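Trainee: can you look at this prediction? I've put the sequence above it.
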Amino acid sequence: MDNQIIKEKVWSYKDEMLDRLEKLISIQSEMSAPTADAPFGEKPLLALTTALEMLEKDGFETKNVDNYAGYAQMGEGEELIGVVGHLDVVPAKKSDGWDTDPYTLVEKDGVLYGRGVADDKGAVVASMIAMKVIKDLGIDVNKRVRLIMGTNEENGSRCLEHYVEKEGHVDYGFTPDGDFPAIHGEKGIMQGKYVSKTSKIIDICGGTVANAVPGKVSAKVVSGSYSAEKLDAFFKENDIKYTLECKDDCDVIEVMGVAAHASTPDLGVNAISYLVVGLKEAGMQDEFVDFYCSHFGLELNGAMIGADLSDEYGNLTLNCGVISMKDGMVEGTVDIRFPVTLTTDKVLAAMEGHLEDSNGKITFDTLVNPLFFAPDSPLVSSLYEAYVEVTGDTENKPMVIGGGTYAKEINNTIAFGCAFPGYDYRIHNTNEWVKVDELLLQAEIYVHGILKLLAI
């Protein structure tokens, strides 16, 4: 199929692509309380039914898999190609620092803003357009091609786990929820929590989800339990924004950081870590503060708990994402991404003896081993060839990332897009964005990617 014909057909759907994305962005599909019919809340389900209706109108066979996930399918044959995206999003509020309403699609100078435009509703819509283009051009589809859409990727991927239980795996697949040109490896993931054994802090609350660097935290502490002058000096030295309100019975300290994905903590500024370390530097005598500063501090590599590990593909990273107070104890989340050549057992062994002392304890309840495909495997090489054919970019090569995608949940699948090299789309952050032209380019690449997989 001529590349120019594919490009022109993709671009003919520009207005329809924007219309679909506008509808999906307007749905606040954050996970919420489950109901009898909506396992992850009403809005993720609404996003799923809305997307399925769009695809049914396109003439595809569609199926809702128990309100957990759904798919649209074309083609025939024993083998199955899967394109696996998600319609749920991490929380967003304009008060967090958005310049626009995060649930209203806004276009400025060819750039789209809104929660999900990059992660992952934009990529799902681009995948819809790719399916439509293949169908419209009458291309012979000798395998079944399925656009699979989940609703719980941001909070555990139980949607895809349920889908696989009901529908099975795929023979070849990609999830448009990572980076171009292709991702052939994903670091292992360990998630858990820390709990203090005691603390004099009155209250503390910060962060939104475990898999994001916290952008804001607020704490109530006893007046006079620290030096306000030393705290101010510490924050100024580290260029940290904060407010201090002195009340009759306590001081309220609010620290502003910079949110980022937990897999790239170096791109953010951890508000929780700077607050707690700041209190330590300001002379606060507190068991929890001592525990946090001796196990996490400002480090991002897990060195304080014996986990400073690396391989040829990257280093271990650690993020403390959410903090709260319960029954007088401080507790918070820990998110570790570890190198692809290691295992959870090896990482746990390295941390042995470092996870508990008289002031607190760290435990892990989610243990996920890495995903790895050889760069020259048919799956990786085929998708990489599709990327190069469309973009001409041979400088960037398939990579390993710290983020966990749907690829870990379904066989024979890697992440392929949606992020282009060199850009920070502020995923899991305020003012998430994507260029209109890039969404169309994504769709064009996905057409070529599917055609390459059909040819295997």
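Mentor: Right, received. Where do you want to start? Numbers count the residues shown, from 1 in each chain.
Trainee: so who does Leu309 touch?
Mentor: Leu309 sits next to 302, 315-316, 338-339, 342, 346-347, 350 when contact means C-beta atoms under 8 Å, 6 or more residues apart in numbering. To be clear about C-beta, it is placed using only N, CA and C from the backbone, and glycine gets the same treatment.
Trainee: any idea how far it is from Asp365?
Mentor: Separation of Leu309 from Asp365 (C-beta to C-beta, to the nearest Å) stands at 20 Å.
Trainee: same check on Ala47?
Mentor: Taken as C-beta to C-beta, the span from Ala47 to Asp365 is 28 Å.
Trainee: the two: who's more crowded?
Mentor: Between Ala47 and Asp365, counted using other C-beta atoms under 10 Å, the more crowded position is Ala47 (26 against 8).
Trainee: look up phi and psi at Val106.
Mentor: The phi/psi pair for Val106 (degrees, to the nearest 10) reads phi -120, psi 130.
Trainee: swap that for Thr208, please
Mentor: phi -120, psi -50.
Trainee: could you find the closest non-adjacent residue to it?
Mentor: Leaving out its chain neighbours, the residue that sits closest to Thr208 by C-beta to C-beta, 6 or more residues apart in numbering is Pro91, at 5.1 Å.
Trainee: my read is the one you found is in a strand, agree?
Mentor: No. The assignment for Pro91, made by DSSP: H, G, I helix; E, B strand; the rest coil, is coil rather than a strand.
Trainee: next up, the contacts around it.
Mentor: Per C-beta under 8 Å, 6+ apart, neighbours of Pro91: 30, 208-209.
Trainee: including pLDDT, could the contacts of Leu309 go into a markdown table?
Mentor: Listed next are the contacts of Leu309 as a markdown table, based on pLDDT from 0 to 100:
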| residue | pLDDT |
| --- | --- |
| Gly302 | 97 |
| Asn315 | 95 |
| Leu316 | 97 |
| Phe338 | 97 |
| Pro339 | 96 |
| Leu342 | 96 |
| Lys346 | 98 |
| Val347 | 98 |
| Ala350 | 98 |
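Trainee: hmm, which of those are the buried ones?
Mentor: Taking 16 or more other C-beta atoms under 10 Å as the criterion, what is buried in the contacts of Leu309 is 302, 315-316, 338-339, 342, 347, 350.
Trainee: keep only those of those residues that are in strands.
Mentor: Judged by DSSP state E, those include 315, 338 as members of strands.
Trainee: farthest-separated two in the buried ones among the contacts of Leu309?
Mentor: Spanning the widest gap among these are Asn315 and Ala350, at 13.2 Å by C-beta to C-beta.
Trainee: list the neighbouring strands of the helix or strand of the chain with the lowest mean pLDDT plus their orientation.
Mentor: Of all helical and strand segments in the chain, the minimum by mean pLDDT, DSSP states H and E falls on strand 260-261, at a mean of 89. In the sheet, strand 260-261 lines up against strand 212-213 (antiparallel) (DSSP bridges).
Trainee: next up, the contacts around Val111.
Mentor: 433-436.
Trainee: okay, now Asp101: neighbour count?
Mentor: Using other C-beta under 10 Å, Asp101 has 16 neighbouring residues.
Trainee: what do you get for Glu56?
Mentor: 12.
Trainee: any idea how far Arg20 is from Lys132?
Mentor: In this structure, Lys132 and Arg20 are 10 Å apart, going by C-beta to C-beta.
Trainee: and the pLDDT for the closest residue to Asp203 other than its chain neighbours?
Mentor: Spatially, and ignoring its direct neighbours in sequence, Asp203 is nearest to Lys220 (4.4 Å; C-beta to C-beta, 6+ apart). pLDDT for Lys220: 97.
Trainee: any idea which element Lys220 lies in?
Mentor: Using DSSP states H and E, Lys220 sits within strand 216-221.
Trainee: how about Ser381?
Mentor: Going by DSSP H and E, Ser381 is in helix 378-391.
Trainee: what about the residue nearest to Asp203, neighbour count?
Mentor: 18.
Trainee: who are the contact partners of it?
Mentor: 201-204, 250-252.
Trainee: hang on, the earlier thing: let me know the closest of the buried ones among the contacts of Leu309 to Asp327.
Mentor: Closest approach to Asp327 among these (C-beta to C-beta): Gly302, at 28.0 Å.
Trainee: pretty sure the closest one sits against Asp308.
Mentor: Yes. Between Gly302 and Asp308 there is a contact at 5.9 Å, judged by C-beta atoms under 8 Å.
Trainee: identify the contacts common to these two.
Mentor: Counting by C-beta under 8 Å, 6+ apart, the residues touching both Gly302 and Asp308 are Leu316.
Trainee: domain ranges for the chain?
Mentor: Following automatic domain parsing, the chain resolves into domains at 3-187+371-454, 188-368.
Trainee: pick the most deeply packed of those domains.
Mentor: Of all the domains of the chain, domain 3-187+371-454 carries the top mean neighbour count, a mean of 20, counting by mean count of other C-beta atoms under 10 Å.
Trainee: centre of the chain versus it, how much separation?
Mentor: 13 Å (C-alpha atoms, centre = their mean, to the nearest Å).
Trainee: okay, helices next: where are they in the stretch 101-250 of the chain?
Mentor: Per DSSP state H, counting those that start in this stretch, the stretch 101-250 of the chain carries helices over the ranges 121-136, 158-167, 228-237.
Trainee: now distance to Phe288 and mean pLDDT too, for those, in JSON lines please.
Mentor: Output for these, formatted as JSON lines (distance: least, C-beta to C-beta, whole Å; pLDDT from 0 to 100):
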{"stretch": "helix 121-136", "distance to Phe288": "39", "mean pLDDT": "98"}
{"stretch": "helix 158-167", "distance to Phe288": "32", "mean pLDDT": "98"}
{"stretch": "helix 228-237", "distance to Phe288": "17", "mean pLDDT": "98"}
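Trainee: Glu432 and Asp119 touch, don't they?
Mentor: Yes. Applying C-beta under 8 Å, one finds Glu432 in contact with Asp119, separated by 6.9 Å.
Trainee: where do the contact lists of the two overlap?
Mentor: In contact with both Glu432 and Asp119: Tyr425, using C-beta under 8 Å, 6+ apart.
Trainee: quick revisit: in strands only, show me the contacts of Lys220.
Mentor: Judged by DSSP E, the contacts of Lys220 include 203-204, 251-252 as members of strands.
Trainee: among these, which pair sits farthest apart?
Mentor: Maximum distance among the ones in strands among the contacts of Lys220 (C-beta to C-beta): 12.4 Å, for Ile204 and Asp251.
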